[in-house]
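Chemist: Let me see the structure of the following:
(2 chains)
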Amino acid sequence: MEMFATALPALGQAWALILQPEVLGYLVLGVVMGLAVGVFPGLGGIAGLSLLLPFMFGMDPVLGLALMVGMVAVVPTSDTFASVLMGIPGSSASQATVLDGFPLAKKGQAARALSAAFTSSLFGGLVGAAFLTIFIIVARPLVLAFGLPEMLMISILGLSMVAVLAGRVALKGLAAAGLGMLIGTIGEADAGGSLRMASYDIPYLTDGLKLVIVGLGIFAVPEIISLLRQDRSIAKDAKLGAGWGEGVKDWVANKWLSVRCSLIGVVIGVIPGLGGSVVDWIAYGHAVQTTKDKSQFGKGEIRGVIGPESSNNAKEGGGLVPTLLFGIPGSGSMAIFIGAIALLGSGDIEVGPSMLRDNLDITYSIVWLLALANVVGTLLCIAASGGIAKLTTIRFTYLAPFLFMLISFAAFQSGQNFEDILALFAIGLIGIFLRRFDWSRPAFLIGFVLSNPVEKFSNQAFQIASFRFRSSFEEGMSYIFSPIVIVLLIVTVVSVVLGLRQAKSIMAEGDVKSGSKRAPMVFLLIIMAYVVAALINANMIPDYNMTDKIVPLVIGGITLAALLILLVQMILRPENDAVFADKELAGEDADAPFGLWSTLAWFLGLIVATYFIGFILALLGFLVSFLRVRAQAGWPKTLILTAAGIALMCVMAGALNRDFPPGLLQHAVDLPWPLK
Amino acid sequence: MTIKTFAASVAAATLLASPTLAEIDLSGKTVEWVIPFSETGGSAKWANFFAPLLSEELPGNPTVVVKFMPGAGSTKGANWFQEQEYDEGTLIFGTSGSTQFPFLLDDPRVRYEYSDWVPVMASGTGGVAYLNPKDGEKFDGSANNLKDVDFIYGSQGATRLDLVPLLAWEMLGMNVEPVFGIKGRGDGRLMFERGEATIDYQTSSAYLGASAELVAQGKAVPMMTWGALDDAGNIVRDPTFPDIPTFKEVCEATDGCETSGEAWDAWKAFFVAGFPVQKIAFLPNGTPDDVAKTYSDAFDAVRNRPDFPEIASKRVGKYEVFVGANAKAATEAGTTVSPEAKAFVKNWLQDSYGVSLK
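Modeler: Down below sits the predicted model:
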């Protein structure tokens, strides 16, 4: 109670700190910078904050906070542009938004989807801030109640969303998720350092694949290639339907869904160690389960946008709890945020347990600056959405080269290796075939995202549990089956049972026709070969490193079993069975004027040229030849667009102080930036 | 042996240090300070703290930007830096204990050689180990009453900095079971706070920021620090924590723990590499002496700012910052271990954790 007595005056002081013209000015500046960075996929808050760091030293704390919070707050809002308009998941926060947001854009309802998303974001941010104002002073014991078994259960709950998103053939969804998890285990194991499907001769693989690359490869590459093959605009017939007012109305009609998803977001965001990767999927799953007519999910259901977008901004607020209370960052951008706070003013603000006692007013300022930044950011985004939505009416052939440029650059930023771009291409290929044969891509991505948490938490929880069991049976049981675990277990079981029943009606890839046995079967056998190789590889890890091999073995085993059953089904069933779904047989892809491989060759060409002459020179050649040959543009148009594209890259990389992928040429000769 | 040379050179360098004007001019240039870690770690914090200060002191006030090149636990960045050559003095590279340990343990991925590089600044930290309150009651300045307790410790991996605490506890005869795979010491502390781990250690700044609060609330009992080095290379009480005994004192008081012999020498060698000389700023191979001098003078000016002790203690901890010849000596001490110590630690890693580096 005495906490509340100190909280109220602190809240008042916080508002007094925030409501100064100068502070608000910095906040708006931060928001605008955040929007500028956030619209580019794969860059996000980390790049933006790093950019601000040099100015933080000795800066007035409230001004510095306003600038940084403004920037952090709007990244999950602004990356919605890429998710909805281009089908590119801008960050882990907007992956689920792609599922329904992009189909809406294809229907010409981009502005509607965007404004519904932004309104949800805004609302989520406000709910998060309101919740935190009360919650933050009592959060500590609650956060500590989430031990390893509890975190494992939340990861499994996230994984159970695979059931909803599995598609028409549940086994294919399961296998896709298993494959995603196996690919997530590539590299050096966290626990014992054993290598899985990697070698020290290829150092790139030892670090494992980055989420940005897998997200872009699984969602963005297949969509870009498919649209490019069809040679049309994103919005069919280049017409824009519903405007932004429609989206706000959609939100009003679904406000309770938005409330629930905001709460899901803030609560899961509070738990340190999980980060935001599961939040939007759990919210999406919730949106599906609470919708009566599920037939529109995956084809452009507005609730599929409102759910995840309400949660992902609320999550940012929730993520402040572990950051401020424990000094443990919930995400990469929060980690920089902590570091930057230490640079502010005279360095008096110490993030961690003493924060609430010594700096409660600053804590509240952060919470409400976040909310305020959301309001400013959302209004700007909604104002812009009508205009930006027009992008979807442009002939896609003019957009595609710039998208290849952006995703290659984004992929390179994740690790600054040439291999990053190569990995993007390889994962993109997997994505293209998962899409073609109707294997659930969301399930694959959920598997990938949760692979590491599931492995880490199950190993650690097992170790500690076996320790507790050694002291007494009761102690072990009460550790594993805490009330929170039991509740989560029940939720998980219910959601799997419901999910499986509903999955059949949710066709994320649309109604894919079946017809021929050969191609789907070849793809199945290729996946199976990889799974078998991964299993053999994991089995070769010596037994004293059991922690490094057990998860790949179990997951691989389950995946292999699912694949074997599918193989038997394929042998027994007729060619028109759903198991043989193939997009190349009928529909948009089959009717496309351009072939898959000739389209993909353009992208590959950019990558190969980069390997030899570096990114900017390769880009120059790529843009000119693509626009001339593929888009059949005249010389003036070609040159103007090329110059604009290269200028955009240089301004962006220059401002963020980033390099471009170098090629063999750059190793041989010293060239000035940006060519180096 | 290395520690003696270190101490001797520290003394010599202090006598020799004399201010001269720098010859190079970096005005209008951009100095890149490359960190082989992500934006989120302690090294990033360290470089971000020094970068603006360094910019003020370098001739011509160049912009100093921190760049990140994470990968393979810093081995990737260090291998990259090994291939860089001197080019107008606009490249600095920062390493940490995580770069030094794989180097000392002959990790197969290491393709870098510390002695090729030119150190211009080195700084360190300390560490504090603490116990849960229940077992803390049994602690009487020795580990004698802790030998039959089973402890759990959240660890980042036995070949990382955690090697120092794990080996220390083992030398005390304590039974500490590490749970591997946590991502940072903050996660370890959280595990301790949840009661899942029963023993923990934090570097000085993290201890002051969070764990000291637990001690004040009676939720943790400090056990020992790793200590600090005096000018003669002896382990003495950590100036940040003068009231907490060092591991050396606890070891002396504990039956069966020796402060001499191969285990002790190995522990001390890795302690020096991991704590008092934890972070080093290098210029690339082939840097001319006058450029190196310009940089070390600039760092010297930074550490002699009147407000330096105050701003540093809040942001990176109050530990010695070595420059010039002292930095060179510190680097040698932190990147050389005797073959015996190396062999001992490798054997111990293999026997206790099944880790073999090949």
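Chemist: Any chance you could list what contacts stretch A:668-676?
Modeler: Stretch A:668-676 is contacted from outside by A:614, A:616-617, A:649-650, A:653-654, A:659-660, A:662, A:665-666, using C-beta atoms under 8 Å, 6 or more residues apart in numbering or on different chains. C-beta: built from backbone N, CA, C; applies to glycine.
Chemist: Could you rerun that using 7 Å?
Modeler: With C-beta atoms under 7 Å, 6 or more residues apart in numbering or on different chains as the contact definition, stretch A:668-676 has outside contacts at A:614, A:616-617, A:650, A:653, A:660, A:662, A:666.
Chemist: is it true that B:Trp80 touches B:Pro70?
Modeler: No: judged on C-beta atoms under 7 Å, B:Trp80 makes no contact with B:Pro70 at a distance of 11.4 Å.
Chemist: more neighbours, the two?
Modeler: Neighbours around B:Trp80 and B:Pro70, counted as other C-beta atoms under 10 Å in any protein chain shown, are more numerous at B:Pro70. The numbers are 21 against 17.
Chemist: Mind giving me the PyMOL select for the contacts of stretch A:668-676, buried ones only?
Modeler: Buried residues within these, as defined by 16 or more other C-beta atoms under 10 Å in any protein chain shown, are selected in PyMOL through the command that follows:
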select buried, chain A and resi 614+616+617+653+660+662+666
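Chemist: Need the contacts of stretch A:668-676 in JSON lines (columns: secondary structure).
Modeler: As requested, the contacts of stretch A:668-676 are arranged in JSON lines below (DSSP: H, G, I helix; E, B strand; the rest coil):
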{"residue": "A:Gly614", "secondary structure": "coil"}
{"residue": "A:Ile616", "secondary structure": "helix"}
{"residue": "A:Leu617", "secondary structure": "helix"}
{"residue": "A:Cys650", "secondary structure": "helix"}
{"residue": "A:Ala653", "secondary structure": "helix"}
{"residue": "A:Phe660", "secondary structure": "coil"}
{"residue": "A:Pro662", "secondary structure": "coil"}
{"residue": "A:Gln666", "secondary structure": "helix"}
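Chemist: tell me, which of the contacts of stretch A:668-676 make contact with chain B?
Modeler: Checked against chain B using C-beta under 7 Å from any C-beta of the partner chain, those yield no neighbours at all.
Chemist: Tell me the one of the contacts of stretch A:668-676 nearest B:Arg303?
Modeler: The shortest distance between B:Arg303 and any of these, using C-beta to C-beta, involves A:Ala653 and amounts to 34.1 Å.
Chemist: got a list of what that closest one touches?
Modeler: Taking C-beta under 7 Å, 6+ apart as the test, what A:Ala653 contacts is A:660, A:674.
Chemist: Quick one, grab the pLDDT at it.
Modeler: In this prediction, A:Ala653 carries a pLDDT score of 82.
Chemist: in the stretch 151-300 of chain B, what residue is nearest chain A?
Modeler: Evaluated by C-beta to the nearest C-beta, the stretch 151-300 of chain B has B:Gly181 as its residue closest to chain A, separated by 3.9 Å.
Chemist: right, and that residue touches A:Ser458 too?
Modeler: No: using C-beta under 7 Å, B:Gly181 is not in contact with A:Ser458, being 10.5 Å away.
Chemist: of the two, who's got more company?
Modeler: Legend: neighbour count by other C-beta under 10 Å for B:Gly181 and A:Ser458, higher for B:Gly181 (24 against 20).
Chemist: residues contacting the more buried one?
Modeler: B:Gly181 touches A:190-191, A:456, A:459-460, counting by C-beta under 7 Å, 6+ apart.
Chemist: cool, and B:Leu172?
Modeler: The neighbourhood of B:Leu172, defined by C-beta under 7 Å, 6+ apart, consists of B:143, B:250-251, B:254, B:257.
Chemist: same thing with A:Gly12?
Modeler: Contacts for A:Gly12 were tallied using C-beta under 7 Å, 6+ apart; there are none.
Chemist: Would you agree it falls within a helix?
Modeler: Yes: assigned with three-state DSSP, A:Gly12 falls within a helix.
Chemist: Brilliant, that's me finished.
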